[in-house]
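A.B. asks: Build me a model from this:
(one chain, ligands or ions: 1)
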Amino acid sequence: MNVTELARILKITPNDLREKLPKLGFDIGQKAIKIDLVMAQRILREWPFLVRKLQQADFQNIDKEKVIAIEDAVPEKKIIKIPSLLAVRDFATLANLPINKVLAELMKNGVFASINERIDFDTAAIIGDSLNFDIQLDEKQNLDEEKETHNDKKVEENLNQENEGNLSIRPPVIVVMGHVDHGKTKLLDAIRKTDVVAGEAGGITQHIGAYQVVRKNRPITFVDTPGHEAFTAMRSRGAKIADVAILVVAADDGVQPQTIEAYKIIQAAGLPFIVAINKVDRPTADLNKAKQDLVNKLNILPEDWGGKAVCAPISALNGTGIDELLDLILLTADAEAKNMKANPNSDAIGTIIESRVDKNSGPISTLLVQNGTLRVGDQIILQGKIIGKARSLKNYKGEEIKEATPSTPVRILGIKIAPAVGDVVEVGEGERVKGGLEKLAARPILASAAREEAENDNAKKLNLIIKSDVLGSAEAIEESLMKLNTEEVMVKIVSKGLGNITEGDITRAEGSDAKLIGFNIRLSPQIETLLRERKVEAKTFTIIYDLIKYVKDEMQKIMPQNKERINLGRLKVLAIFRTENKSQVVGGKVLDGQIKNDCPVEVLRNKDLVAIGRVTKVQAGKMDVPTVEQDQECGIQYEGKPIIEVGDIVQFYEEKEITTKL
Ligand code: GDP
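C.D. replies: This is a model prediction of the structure:
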């Protein structure tokens, strides 16, 4: 935590705070900028008491009586233990205060919250102090809440606890983002090819979610999960993994919807970034127009136009500008060096960037080590619980390694439970649990293998391939569609992606018997022709509601039909008129209900079912009739096994299909 931040909460100046703390036994130094979080929390907790202690010390030599008077004047504060985040309403309940009083106190401090809104510990501590409470952090409640939500803080806190002297620079971690088809994959390939070592090792690099290259003797880590899908998943779980972003913009296409979305993500994460203007080899490439687009649509002013944004013209196809881009990455990393430090001698902590369950090997996850060093045999902890031991470690080249230092992506084998992408795991001691692991295991994992396992096998599946303009809408669509799932019928998203429907999508739809759905995209005439030829259905929507309605209707169509049987009437057989190979003509009397022509029947003898068949003719008084009522006599033509005897009962029934509404 920053000293200025703490001073602001305590309502004193930072210098005043720096001066007072040593007197109170907190050794933070006269020039301290940051303060250990645990220490800060202790200071916050004990502040009213500390103030008194200071006042006592000041007055001690002057006026003893006065000190006593001061002490008397300060009534004993009631201690309240709270989690790091709690609703205003819950705070009022804990403090046993009318809600209005709490709201008013918040307002006095410039916080306009509603009763259901959550306030953080610092805010609660300030208003609690004014309301004469001693607010303390409830470590236990905090553990549960904090660990689930603030993954990025976890790594940050872990690093904050390191002694500055033990920290050394770690390699920067880079993400590549941008609009579909602007060349992200190609760029990642081009960068990988610059690494001779990777090439020498057989040229087959393993896809583990990230790789490293060495430039000027310095390793750089690239997260190479396709698109920014995984990155968004991590972000939504509060994980922060990258140090620098590369925003890829095609020189012949400029800023597109996903460029805008990617830039929003970059801004939200506060990441330094470099714009890579790609495909400069193309005759249609227009560097100036691309830059103009950056200015107009993203408010990014390139460096050579007097702004701050570094723009690198590149061609991922033929390798132009790649070395320069790597140098720019190193420069940007150097400017951020203070945030890129770690202690290689600590126990490892890091974020899961890929995770799946292999049918043979079990859970396989890739960890990006963010502090410390992970070693073979280390015990891995997730949310305080042991999830297994690192039986073996592999790097992105597929080589077995003994240890992984900070910023190294490493594939871990041997853990029992697959963590989710974005989970922060660490090495250390944890709770050995049996039952408790279910909660961990039940959490969503991005990897499709694990997702499939969780599916209900008996349910009918509506296979879908979804393409959309931006990732945000793809996620919203998926979320809404998942809500339609029932035990009988479920949506299965075979694949989803950004951009227009391609021939590849059509092939995939054919192969998986899936319907294609597009959101905010258009079908080109060629694709429409292809769809017709290959008899694949594709629908596009611009309104999410319409899309959901369509899927719902399709789900309804495949909803398994339940048949309901209705008994119509019974005929007691009184005479056999004719018996043939596969039919009989018999006469009888309707015992109850109504019998009718063209109807399935069961033949019962002493309540036992002896045959099933169908009645194809009903005659009353030598006339063909559609129905015959109770107590009347008639003749019937029966098709089926000809075993009807006098005395048998013919049960007429009907089967109705009943459709359950979604
Ligand atoms: P992504 O969707 O952003 O990952 O884009 P890809 O890397 O798959 O590239 C999309 C298409 O653009 C592919 O056909 C690439 O071969 C092509 N492409 C990528 N970079 C370049 C480049 O620098 N020059 C040219 N001419 N084509 C490129």
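A.B. asks: switch to C-alpha atoms for all contacts and neighbour counts from now on
C.D. replies: Noted.
A.B. asks: A611: what secondary structure?
C.D. replies: Recorded secondary structure, A611: strand (DSSP: H, G, I helix; E, B strand; the rest coil).
A.B. asks: need the residues of the stretch 101-250 of the chain near the ligand, please.
C.D. replies: H179, V180, D181, H182, G183, K184, T185, K186 (CA under 6 Å from any ligand atom).
A.B. asks: Can you pick out the most distant pair from those residues?
C.D. replies: Within those, two members stand farthest from each other by CA to CA: H179 and K186, at 12.8 Å.
A.B. asks: higher neighbour count, these two?
C.D. replies: Using other CA atoms under 10 Å, the more surrounded residue of H179 and K186 is H179, with 27 against 17.
A.B. asks: what residues are up against that one?
C.D. replies: Residues touching H179, when contacts are defined by CA atoms under 8 Å, 6 or more residues apart in numbering, comprise V248, V249, V255, Q256, P257, Q258, T259, A262.
A.B. asks: Name the nearest of those relative to the ligand.
C.D. replies: Here the nearest of those to the ligand, counting by CA to the nearest ligand atom, is V248; it sits at 7.6 Å.
A.B. asks: how about the nearest residue to L382 once chain neighbours are set aside, what does it touch?
C.D. replies: Once its chain neighbours are removed from consideration, L382 has its nearest residue in V425; the separation is 4.9 Å (CA to CA, 6 or more residues apart in numbering). By CA under 8 Å, 6+ apart, V425 lies in contact with I349, G350, T351, I352, I380, I381, L382, Q383.
A.B. asks: at 7 Å instead, please
C.D. replies: By CA atoms under 7 Å, 6 or more residues apart in numbering, V425 lies in contact with I349, G350, T351, I380, I381, L382.
A.B. asks: Just the ones of those in strands?
C.D. replies: I349, G350, T351, I380, I381, L382 (DSSP state E).
A.B. asks: close enough to count as contact, K582 and P642?
C.D. replies: Yes - because the distance of 5.8 Å satisfies CA atoms under 7 Å, K582 is recorded as touching P642.
A.B. asks: Mind giving me the packing neighbours of the top strand by length along the chain?
C.D. replies: Taking residue count as the measure and DSSP E as the definition, the longest strand of the chain comes out as strand 562-579. Using 3 or more CA pairs under 7 Å, 6 or more residues apart in numbering; DSSP states H and E as the contact criterion, the elements in contact with strand 562-579 are strand 583-596, strand 649-658.
A.B. asks: Buried ones in it, by neighbour count?
C.D. replies: Within strand 562-579, the residues that count as buried by 16 or more other CA atoms under 10 Å are L568, G569, R570, L571, K572, V573, L574, A575, I576.
A.B. asks: Distance of the second one relative to the ligand?
C.D. replies: This points to G569. Counting by CA to the nearest ligand atom, to the nearest Å, the gap from G569 to the ligand is 67 Å.
A.B. asks: tell me the secondary structure for the closest residue to the ligand within the stretch 301-450 of the chain?
C.D. replies: Distances from the stretch 301-450 of the chain to the ligand, computed as CA to the nearest ligand atom, single out S315 as the nearest residue at 3.4 Å. Three-state call for S315 (three-state DSSP): coil.
A.B. asks: Use 13 as the first number from now on
C.D. replies: That works, and once the first residue is 13, the last one we named lands at S327.
A.B. asks: residues in contact with it?
C.D. replies: Contact partners of S327, counting by CA under 7 Å, 6+ apart, are N290, K291, V292, D293, G333.
A.B. asks: mind checking pLDDT for the third one?
C.D. replies: Note for V292: predicted pLDDT of 96.
A.B. asks: my guess is it meets A328, correct?
C.D. replies: No - with contacts defined as CA under 7 Å, V292 does not count as touching A328, sitting 8.9 Å away.
A.B. asks: next one: the longest strand of the chain to chain centre, how far?
C.D. replies: Taking the mean C-alpha point of strand 574-591 and that of its whole chain, the gap between them comes to 58 Å (CA atoms, centre = their mean, to the nearest Å).
A.B. asks: Please list the residues outside it that contact it.
C.D. replies: Counting contacts by CA under 7 Å, 6+ apart, the residues outside strand 574-591 that touch it are 596-607, 654, 657-671.
A.B. asks: wait, which of the buried residues of strand 574-591 is closest to the ligand?
C.D. replies: Comparing the buried residues of strand 574-591 against the ligand with CA to the nearest ligand atom places L580 closest, at 63.4 Å.
A.B. asks: So for that closest one, what's the nearest residue that isn't a sequence neighbour?
C.D. replies: With CA to CA, 6+ apart as the measure, Y665 is the residue that lies nearest to L580, at 4.9 Å, once sequence neighbours are left out.
A.B. asks: Repeat that for G389.
C.D. replies: In space, G389 comes closest to A402 once its chain neighbours are excluded; the distance is 5.1 Å by CA to CA, 6+ apart.
A.B. asks: And the strand or helix carrying the one you found, what does it pack against?
C.D. replies: Taking DSSP states H and E as the definition, one finds A402 inside strand 397-406. Based on contacts counted as 3+ CA pairs under 7 Å, 6+ apart, the elements that strand 397-406 packs against are strand 391-394, strand 412-413, strand 421-427.
A.B. asks: any chance of the ones in strands among the contacts of V437 in CSV, plus pLDDT and neighbour count?
C.D. replies: Converted to CSV, those look like this (pLDDT from 0 to 100; neighbours: other CA atoms under 10 Å):
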residue, pLDDT, neighbour count
I361, 95, 26
G362, 94, 31
T363, 91, 26
I392, 94, 25
I393, 93, 23
L394, 89, 22
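A.B. asks: Quick check: what element follows the worst-scoring helix or strand of the chain on mean pLDDT along the chain?
C.D. replies: Ranking every helix and strand in the chain by mean pLDDT, DSSP states H and E puts helix 460-465 at the bottom, with a mean of 36. Scanning forward in sequence from helix 460-465 by DSSP H and E, the next helix or strand is strand 472-480.
A.B. asks: what helices or strands is the helix or strand following that following strand leaning on?
C.D. replies: Note on strand 472-480: by DSSP H and E, the next helix or strand toward the C-terminus is helix 483-494. Secondary-structure packing of helix 483-494 (3+ CA pairs under 7 Å, 6+ apart): strand 501-510.
A.B. asks: quick one: whichever helix or strand comes after the strand it packs on near the ligand?
C.D. replies: Downstream of strand 501-510, the first helix or strand assigned by DSSP H and E is helix 515-524. No - for helix 515-524, no contact with the ligand is found by CA under 6 Å from any ligand atom; the gap never falls below 12.8 Å.
A.B. asks: So what touches helix 515-524?
C.D. replies: So helix 515-524 is in contact with I477, K527, L528, I539, V548, going by CA under 7 Å, 6+ apart.
A.B. asks: buried set for it?
C.D. replies: Neighbour-count burial for helix 515-524, counted by 16+ other CA under 10 Å, picks out D517, I518, R520, A521, E522.
A.B. asks: Can you say which two of those are spatially most distant?
C.D. replies: Distances among the buried residues of helix 515-524 were taken as CA to CA; the most separated pair is D517 and E522, at 8.6 Å.
A.B. asks: among the residues of the stretch 113-262 of the chain next to the ligand, which are in helices?
C.D. replies: Assignment to helices by DSSP state H places the following of these there: K196, T197, K198.
A.B. asks: can you give me the helices for the stretch 313-462 of the chain?
C.D. replies: Under the criterion DSSP state H, counting those that start in this stretch, the stretch 313-462 of the chain carries helices at the ranges 334-347, 449-453, 460-465.
A.B. asks: residues in this structure within reach of the ligand, list them.
C.D. replies: If contacts are counted using CA under 6 Å from any ligand atom, the residues of the chain sitting beside the ligand are 191-198, 290-291, 293-294, 327-329.
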